[in-house]
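> could you work out the structure for the sequence below:
(one chain, ligands or ions: 2)
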Amino acid sequence: MTRNVRAVAWSATALAVCNLSALFVGCRGGTTGLQAPVPGRVAEGKETFRFDTFGDETFWTDTLRMHEVIETAVDPTTALSVGLKVDADALPPAVVQGIQNGSISLTSPATTLALLKLNAVVGLKGTVETINGKDRLTRVGITCALCHSTVNNSFAKGIGQRRDGWPNRDLNPGAIIALSAALTAGQKTVYNSWGPGKYDPRYNFDGKNGPQVIPPAYGLAGIHRITATGDGDQVEYWNRYVGVTQMHGHGSFSDSRTRVSVQNPPDMISSKLAALQAYQLSIEAPAPTAGSFDPIAAGRGKEVFDGPGKCATCHAAPLFTDANQRLHSPAEVVSEPEPNGVPSYASRSATKMYRTSPLKGIWQHPPYFHNGIAPTLVAVVDRYNTRKGLNLTARQKADLVQYLKSL
Ligand code: HEC
Ligand code: HEC
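Ligands and ions are numbered 1, 2, ... in the order given. From the prediction side, this is the model:
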């Protein structure tokens, strides 16, 4: 009963928000995508996570002129091929039908505009206006969901229900940015070198090229070292950093340790950080699907993890990390040296150290380690076995992999 009342109130709020946003960007079709309401802050943070650009259109539109690229060259097929995702719940029935029967073309940039108008492209926020009777994309910006959401492919590959917090490992942010005509040839070469699922969030400050695997934004409750190098004590640290210095939203960020200092007034971020953090902390790591691992072997693998594998000395339960106690030097991790002569990522960070990664939901996001050097969990275990001289038998290694898949 209470739930129904709240659901009605939530729909009403959503409709109000929808009507308001329709003035600027069009509106999400239907209400099928609305989920059960969650208390205040978390719901507010979810909106921010999915739809807030913090005014970063001044960068993506005015500086990079991405609206021109999208309008002329990015049809939905191209968009999906660089890993962009479409929120099926934002599509009205007529559009779903049109895609199904082929009357809506997936090879026309006009369809991309129609999707942006429906607010259906995950992580991209566009303003579509009718100019001289024709729809034109006049502003475009990005949100957190671009890198940290994907969809469940329920409708087609790349089109489905949102999965907030799941890293988008299909997304090729470098290739997308490199489409901008405002960049030098040298910059384009660097951006094009990153590949899917990777992004270098320090390149624009130190000019070094060492892309990071986009990490999950789930399973972080209780962990007080944020990012691979533990630069912040709270998720909020990264949110401010990325919002201001990478998304190029409006606000300020400074950290004397890295000498990064950016002021981009007016502040459109600070007031949203608490709710945004509350939302992320509410997202749990996804449980493994039934049948995806062998429970008996996983049981034996736990003994290896706690015993001869020595994994639990750092990946201590229940969070599977010792992050709240200590960080680790580059010499202790098995992911360094970096591939291709890239400088140590830790050396570019505030702490110069690495945080032990939490392992809940690890099955979901290969490749592994900050630089993605291990393509599979088998490769992770082999790497630890060799580098740490563990002398595990083939059976112990296989069991350990099953245990990791079960977390
Ligand atoms: C362009 C892609 C991109 C965008 C946009 C982006 N992030 Fe990230 N995010 C990354 C990368 C890459 C890292 C890894 C940084 C590191 O470890 O040094 C990261 C790290 C994180 C982490 C830390 C995870 C951990 O294990 O400690 C969280 C949480 C997070 N992002 C949430 C967000 C939120 C919220 C936003 C919007 C304000 C956002 N991100 C925007 C790429 C992105
Ligand atoms: C000395 C502490 C330490 C020990 C011992 C240790 N790890 Fe790690 N582990 C880390 C650190 C630090 C990282 C992050 C390194 C990076 O991102 O490059 C990590 C990362 C990982 C990752 C990648 C997580 C991700 O999100 O990509 C996996 C999987 C993993 N460890 C499994 C294991 C297993 C299995 C063992 C035992 C065989 C083990 N670890 C032993 C500290 C340790």
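> which outside residues touch the host helix or strand of Ala175?
If you go by DSSP states H and E, Ala175 is part of helix 173-177. Here helix 173-177 makes contact (Cβ atoms under 8 Å, 6 or more residues apart in numbering) with 64, 82, 84, 146-147, 183, 190-195, 198-199, 211, 214. Using the backbone N, CA and C atoms, a C-beta is placed for each residue, glycine as well.
> in helices, which of these fall?
Leu146, Cys147, Val190, Tyr191, Asn192, Ser193 (DSSP state H).
> please pick the buried ones from the residues you listed.
Among the ones in helices among the contacts of helix 173-177, those scoring as buried are Leu146, Cys147, Val190, Tyr191 (criterion: 16 or more other Cβ atoms under 10 Å).
> correct me, but the first one touches Asn172?
No - if you go by Cβ atoms under 8 Å, Leu146 and Asn172 don't touch, sitting 11.4 Å apart.
> list the contacts of Val121.
Ala79, Leu84, Lys85, Val86, Asp87, Thr112, Leu115.
> my bad, Arg225
Gly232, Asp233, Ala323, Asn324, Leu327, Arg355.
> now the first one: phi and psi?
Per-residue torsions, Gly232: phi -120, psi 160 (degrees, to the nearest 10).
> show me what counts as buried in the helix or strand that Lys125 is a member of.
According to DSSP H and E, Lys125 maps onto strand 124-131. Judged by neighbour count using 16+ other Cβ under 10 Å, the buried positions of strand 124-131 are Leu124, Lys125, Gly126, Thr127, Val128.
> Lys388 touches Val334, doesn't it?
Yes - counting by Cβ under 8 Å, Val334 is a contact partner of Lys388 at 6.9 Å.
> before we move on, back to that, now pLDDT too, for the contacts of Val121, in TSV please.
Formatted as TSV, these follow (pLDDT from 0 to 100):
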residue	pLDDT
Ala79	95
Leu84	97
Lys85	97
Val86	97
Asp87	97
Thr112	95
Leu115	95
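> for ligand 2, what's its nearest residue on the stretch 101-250 of the chain.
Closest approach between the stretch 101-250 of the chain and ligand 2, counting by Cβ to the nearest ligand atom: Ala228, at 4.9 Å.
> ok, the closest residue to that residue other than its chain neighbours - contacts?
Distance criterion Cβ to Cβ, 6 or more residues apart in numbering; nearest residue to Ala228, sequence neighbours excluded, is His370 at 3.9 Å. With contact set as Cβ under 8 Å, 6+ apart, His370 has these partners: Gln212, Val213, Ala228, Thr229, Ser335, Tyr345, Tyr354.
> now His370: how far from Asp255?
Separation of His370 from Asp255 (Cβ to Cβ, to the nearest Å): 19 Å.
> ok, now which ones touch the one residue sitting closest to the centre of the chain?
Central residue of the chain (Cα atoms, centre = their mean): His148, 1.7 Å from the mean position. Listed by Cβ under 8 Å, 6+ apart, the contact set of His148 reads Phe49, Asp164, Gly165, Trp166, Pro167, Asn168, Ile214, Pro216, Ala217.
> is it possible to get a markdown table of those that adds neighbour count, distance to ligand 1 and pLDDT?
Output for those, formatted as a markdown table (neighbours: other Cβ atoms under 10 Å; distance: Cβ to the nearest ligand atom, whole Å; pLDDT from 0 to 100):
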| residue | neighbour count | distance to ligand 1 | pLDDT |
| --- | --- | --- | --- |
| Phe49 | 24 | 6 | 98 |
| Asp164 | 19 | 10 | 98 |
| Gly165 | 24 | 8 | 98 |
| Trp166 | 22 | 12 | 98 |
| Pro167 | 20 | 8 | 98 |
| Asn168 | 23 | 8 | 98 |
| Ile214 | 22 | 5 | 98 |
| Pro216 | 21 | 7 | 97 |
| Ala217 | 23 | 4 | 97 |
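> for the residues you listed, give me TSV that also has secondary structure.
Output for the contacts of His148, formatted as TSV (DSSP: H, G, I helix; E, B strand; the rest coil):
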residue	secondary structure
Phe49	helix
Asp164	strand
Gly165	coil
Trp166	coil
Pro167	coil
Asn168	coil
Ile214	coil
Pro216	coil
Ala217	coil
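> including distance to ligand 2, could those residues go into JSON lines?
Conversion of the contacts of His148 to JSON lines gives the following (distance: Cβ to the nearest ligand atom, whole Å):
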{"residue": "Phe49", "distance to ligand 2": "20"}
{"residue": "Asp164", "distance to ligand 2": "18"}
{"residue": "Gly165", "distance to ligand 2": "14"}
{"residue": "Trp166", "distance to ligand 2": "13"}
{"residue": "Pro167", "distance to ligand 2": "10"}
{"residue": "Asn168", "distance to ligand 2": "15"}
{"residue": "Ile214", "distance to ligand 2": "11"}
{"residue": "Pro216", "distance to ligand 2": "8"}
{"residue": "Ala217", "distance to ligand 2": "12"}
